[in-house]
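*Asks:* here are the coordinates; sequence isn't available:
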């Protein structure tokens, strides 16, 4: 466990000084933090979002805003505690104006996520949104199985012993209340393992 903590701290130090990122200057100007991730480093389940929002960048904690509150509700619905899973994003710094992460940003930050996956060795990677779904599928060489998130959500894709579970991003439920039930239903797949 000590080694895992050291490896995560190394990632955090690198991200704090990640001047190669086009988002670095924006982070510094706004006194934001990089959002590395949080939770159990021994978790069997890893949640991967897309990029931090404003509240996340202000605190350095993933999914602590409105989307995070709904994520917490979904976790409780399948008897999971936030501290027992690991939650992170592909892009670790907040894109301006809450825009989608660019392909360049995903490429720059992706290796940090790859290292986190290697450290944690999750059995399930639950992706939250289309960007993280596509990235994780490519990471495991499953690009030929990528589908639109509207078709992929709630399914399971296998890479050896690792299951990839694409889910809608919790923010979808904030913009469209009718999606809440779909998200809650999709989360039930996590109870199978």
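*Replies:* Arrived safely. Worth saying up front: this structure is predicted, and the values here are computed from it rather than measured.

*Asks:* Residues contacting stretch 184-193, please?
*Replies:* Residues from elsewhere that reach stretch 184-193 (C-beta atoms under 8 Å, 6 or more residues apart in numbering): 44-45, 73-75, 77-80, 123-124, 126, 153-156, 163, 165, 167-168. C-beta here means a position set from N, CA and C on the backbone, and glycine is covered the same way.

*Asks:* Buried members of the residues you listed into ChimeraX, please.
*Replies:* Entered in ChimeraX, the line below selects the buried ones among these, by 16 or more other C-beta atoms under 10 Å:
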select :44,45,74,75,80,124,126,153,154,163,165,167,168
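
*Asks:* Just the ones of the contacts of stretch 184-193 in helices?
*Replies:* Residues of the contacts of stretch 184-193 located in helices (DSSP state H): 73-75, 77.

*Asks:* Would you mind pulling the contact partners of the helix ranked longest in the chain?
*Replies:* Of all the segments of type helix in the chain, defined by DSSP H, the longest one is helix 103-120. Residues external to helix 103-120 that are found in contact with it (C-beta under 8 Å, 6+ apart): 4, 7-8, 11, 14-15, 20-23, 36-37, 41-43, 46, 48, 51, 86, 88-93, 95, 101, 125, 131, 135, 139.

*Asks:* buried stuff in it?
*Replies:* Applying 16+ other C-beta under 10 Å to helix 103-120 flags 105-106, 108-110, 112-113, 116-117, 119-120 as buried.

*Asks:* what about the helices in this structure?
*Replies:* Under DSSP H, the chain gives helices at 2-16, 24-29, 54-59, 66-77, 103-120, 130-139, 149-152, 171-175, 180-187.

*Asks:* In JSON lines, list these along with mean pLDDT.
*Replies:* Conversion of the helices of the chain to JSON lines gives the following (pLDDT from 0 to 100):
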{"stretch": "helix 2-16", "mean pLDDT": "96"}
{"stretch": "helix 24-29", "mean pLDDT": "96"}
{"stretch": "helix 54-59", "mean pLDDT": "95"}
{"stretch": "helix 66-77", "mean pLDDT": "94"}
{"stretch": "helix 103-120", "mean pLDDT": "97"}
{"stretch": "helix 130-139", "mean pLDDT": "96"}
{"stretch": "helix 149-152", "mean pLDDT": "95"}
{"stretch": "helix 171-175", "mean pLDDT": "89"}
{"stretch": "helix 180-187", "mean pLDDT": "94"}
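
*Asks:* Highest mean neighbour count out of those?
*Replies:* helix 130-139 (a mean of 22; mean count of other C-beta atoms under 10 Å).

*Asks:* Burial check on residue 1, number of neighbours?
*Replies:* Residue 1 has 8 neighbours, counted by other C-beta atoms under 10 Å.
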